[in-house]
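In: Provide a 3D model corresponding to the input given below.
(chains A and B)
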2 protein chains.
Amino acid sequence: MKIESIHNSHVKEWCKLKEKKYRDLEGLFLIEGEHLIQEAQKKGVIKEIIATDEQLKADFYVTETIMKKISTQVSFCKRIAVCKKIEEQPIQNKLLLLDAIQDPGNLGTMIRSAVAFGFTDIIISMDTVDVYNEKTIRATEGMLFSMNIIRRDLTSFLESIKCEYTIYVTDVKKGESSKTIEKDKKIALLIGNEGNGVKEELKEYANKWIHIPMTSSCESLNASVAASILMYEMGDYGE
Amino acid sequence: MKIESIHNSHVKEWCKLKEKKYRDLEGLFLIEGEHLIQEAQKKGVIKEIIATDEQLKADFYVTETIMKKISTQVSFCKRIAVCKKIEEQPIQNKLLLLDAIQDPGNLGTMIRSAVAFGFTDIIISMDTVDVYNEKTIRATEGMLFSMNIIRRDLTSFLESIKCEYTIYVTDVKKGESSKTIEKDKKIALLIGNEGNGVKEELKEYANKWIHIPMTSSCESLNASVAASILMYEMGDYGE
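Out: The predicted model follows:
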C-alpha cells in the first residue's frame, strides 16, 4: 500500500507510538534501521514494515516527508517497523533487577550486557524508564529481542524469590569484592537508581552485599558500567 | 556584578561557549551544578561563577531568564561556572587511548571509569568528540578534573610510546581473554569507535590483542562498558 498524505490515519497511528502512553495502550512500538528489523524478524514480532524505497520489502510505502515524521532519528532511515511488545517468559537462573533506572541509554546498555554475559532475565521496577523508548531500543543494539524483560513491583517480586535465589545488592563500599565473590547458581543482582542507589525497603532483601573495588578518587561508577562489570563476574558464559 | 539584560556582552560570551568552536578559541568551557563546581574549585580552574541567587557565592548575578539561556540543562540550575581548559600533564603508566569515540556520554563514562580504576591518562584521537561538550562533562560526574586528557594524532602518539609501553588492542574475539591477561606495568589500552572499532593503521601497533569473553548471542558491548571492564581488569587500584 502506498501512502502519500501526511494526514493519513496510518501515519497518525504510527506517530502516536512515539509516546509511551500509546505504546502501552496499543501494545506496539517502533524500531528503526536494518539491524533491529532483522533481529525483530528472527523473533517474529513485526506487525508491519514501512519503507520509502519500493525496492525494499515492506507493507507500506511512504514519502520521505512522512518517514521523517515517523522517525525519531536525525539521520534518515529507509525502513521502520511496527512491532508487537514481547511476551513475558518464566524466569530462569540469572536475574538482573533494576530499581528506578532513569536513563534510557543506561537501560539499553544493561540489556545488551545482560545478553553478553548470560543473564537470563531482567526485572525492572514500576518506576524504571520505558523499555520501548527509542533511546533504550537503540542502546540495546538489537539485544532487546534476546532478553526476557518483566516489569514488576520489586518488593513483591523479591518477596516471591527470596527463598530460591541469592539476592546480591550492590553498594559503593559495603560487602564482598566483585573480584572474589562466590557465584551461586540462582542469582538476583539488584542495581539501584543512578543518583540514589537501591531503595531502603529493597535493601532488606539482601543476602549478600557486593561492591566493585576502585580508587578513592572516584565515588561511584555509571550504573550501566557497574551492572555490566558485575554481570561479567557473575554471569554464565563461555569462559 | 548584577546583569539583568539578556543582550549584555557577558551573557553573549557565555552563550557562545556552548559551541565547540568558541570553547577552542577562548580556551574556556561551562560547567553546571554544585558537584562539578566543587570539583573545579579544588582543581583551581574556575574563571568566574554566575548565579541567580544572591545568597550564593558568585562573580555575576543574573536573572532566571538569563540563566536558562546560558544553561544547556532542562532542570533549572542555580550556578554555572566558566572554567579554563585543563592543562596537559606528562603521561604516566596506564594510558587509555580512544580512537574516534563519537558519543559524548560514552567519553564521559570512560573518563569516570578511568579515574575509578587507576588509569593515569587518556589520549583521545583528533576525531574523538569534544571533552568539553556538556554531555561529556555531565557523564564524567566531576571526574573530568581528576584525569589528564590529551588530544593527539594517535598514529604518531603510538609511534612515540611503542618501545616503552605494551599496547593492548581490543577485539571482539581475537587474542587473550580479559579474565586471564597478564598486566604489564606500562600499558596503553586502545579502544575503537562505537561502530567501526579500531582503525586499521592503528592496529599495526598492537603488542597484545585482548577480548572480553561473552555469549555468542551478543556481537559486542557498548564501547564505554568494554573500556570500563578492561580498565577494571588492568588498572592500578586497591584490590
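In: Name the residues of chain A found near chain B, please.
Out: Residues of chain A lying close to chain B by C-beta under 8 Å from any C-beta of the partner chain are A:105, A:109, A:112-113, A:115-118, A:139, A:141, A:143, A:146, A:177, A:179, A:212-215, A:217-222, A:224-225, A:228-229, A:232, A:237-239. Using the backbone N, CA and C atoms, a C-beta is placed for each residue, glycine as well.
In: If any of those are buried, put those into a PyMOL selection.
Out: In PyMOL, this line selects whichever of those come out buried by 16 or more other C-beta atoms under 10 Å in any protein chain shown:
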select buried, chain A and resi 105+109+112+113+115+116+117+118+139+141+143+146+212+213+214+215+218+220+221+222+224+225+228+229+232+237
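In: Sitting in strands, which of the residues of chain A next to chain B do you find?
Out: Judged by DSSP state E, strands contain the following of these: residue A:177.
In: Would you report which members of the residues of chain A next to chain B are assigned to helices?
Out: Judged by DSSP state H, these include A:105, A:109, A:112-113, A:115-116, A:139, A:224-225, A:228-229, A:232 as members of helices.
In: Would you reformat these as CSV and include pLDDT and distance to residue B:170?
Out: Below are these laid out as CSV (pLDDT from 0 to 100; distance: C-beta to C-beta, whole Å):
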residue, pLDDT, distance to residue B:170
A:105, 96, 21
A:109, 98, 17
A:112, 97, 16
A:113, 98, 15
A:115, 97, 19
A:116, 97, 14
A:139, 94, 20
A:224, 98, 18
A:225, 98, 16
A:228, 98, 15
A:229, 98, 16
A:232, 97, 14
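In: Identify the farthest-apart pair in those residues.
Out: Using C-beta to C-beta, those span at most 18.9 Å, a distance reached by A:105 and A:232.
In: Helices along chain A, start to end?
Out: Along chain A, the stretches classed as helices by DSSP H are A:9-16, A:20-26, A:34-43, A:64-70, A:104-116, A:134-140, A:154-161, A:200-203, A:223-234.
In: Please identify the deepest-packed of those helices.
Out: Most buried of the helices of chain A by mean neighbour count (mean count of other C-beta atoms under 10 Å in any protein chain shown) is helix A:104-116; its value is a mean of 27.
In: From the chain's centroid, how far away is that one?
Out: 6 Å (C-alpha atoms, centre = their mean, to the nearest Å).
In: what's the angle between that helix and helix A:223-234?
Out: 10 degrees (axes from the mean of the first three to the mean of the last three C-alpha atoms, to 10 degrees).
In: okay, helix A:104-116 in CSV with CA atoms only?
Out: C-alpha atoms of helix A:104-116 as CSV (Å, rounded to 0.1, in the frame of the first residue of the first chain):
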residue,chain,number,x,y,z
PRO,A,104,17.1,5.0,28.6
GLY,A,105,20.7,4.7,27.4
ASN,A,106,21.7,3.1,30.6
LEU,A,107,18.7,0.6,30.5
GLY,A,108,19.5,-0.3,26.9
THR,A,109,23.2,-0.8,27.6
MET,A,110,22.3,-3.1,30.6
ILE,A,111,20.1,-5.2,28.4
ARG,A,112,22.9,-5.5,25.8
SER,A,113,25.4,-6.5,28.6
ALA,A,114,23.0,-8.9,30.2
VAL,A,115,22.7,-10.9,26.9
ALA,A,116,26.5,-10.7,26.6
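In: Give me the contact list for stretch A:72-80.
Out: A:14, A:18, A:30-34, A:37, A:49-53, A:56, A:58, A:64, A:67-68, A:70-71, A:134 (C-beta atoms under 8 Å, 6 or more residues apart in numbering or on different chains).
In: and the end-to-end length of it?
Out: 10 Å (C-alpha to C-alpha, to the nearest Å).
In: do stretch A:92-112 as well
Out: One end of stretch A:92-112 sits 18 Å from the other (C-alpha to C-alpha).
In: mind giving me the domain ranges of chain A?
Out: A:2-84, A:94-234 (automatic domain parsing).
In: Give me the neighbour count for residue A:32.
Out: Using other C-beta atoms under 10 Å in any protein chain shown, residue A:32 has 22 other residues around it.
In: pLDDT below threshold where in chain A?
Out: Residue ranges of chain A with pLDDT under 70: A:238-239.
In: Tell me how far stretch A:223-239 lies from the chain's centre.
Out: Centroid displacement of stretch A:223-239 relative to its chain, using C-alpha atoms, centre = their mean, is 15 Å.
In: Kindly report the same for stretch A:164-177.
Out: That offset, for stretch A:164-177, works out to 22 Å (C-alpha atoms, centre = their mean).
In: Which residues outside that stretch are in contact with it?
Out: A:95, A:158, A:161, A:181, A:184, A:186-192, A:197-198, A:202-203, A:205-213, A:219-220, A:226, A:230, A:234, B:239.
In: if we go to 6 Å?
Out: A:184, A:186-191, A:198, A:203, A:205-211, A:213, A:220, B:239 (C-beta atoms under 6 Å, 6 or more residues apart in numbering or on different chains).
In: Check those for burial and list the buried ones.
Out: A:184, A:187-191, A:198, A:203, A:205-206, A:210-211, A:213, A:220.
In: So which of those belong to strands?
Out: Counting by DSSP E, these place A:187-191, A:210-211 in strands.
In: which two from these end up farthest apart in space?
Out: A:188 and A:211 (16.9 Å).
In: Can you get me the start-to-end distance on stretch A:166-184?
Out: One end of stretch A:166-184 to the other measures 7 Å (C-alpha to C-alpha).
In: repeat for stretch A:17-29
Out: This stretch, stretch A:17-29, spans 6 Å end to end (C-alpha to C-alpha).
In: what comes into contact with that stretch?
Out: Against stretch A:17-29 from outside (C-beta under 6 Å, 6+ apart): A:16, A:30, A:82-83, A:85, A:130, A:132.
In: Recalculate using a threshold of 8 Å.
Out: Here stretch A:17-29 has contacts from A:13, A:16, A:30, A:47, A:70, A:72, A:82-85, A:130, A:132-134, A:137, using C-beta under 8 Å, 6+ apart.
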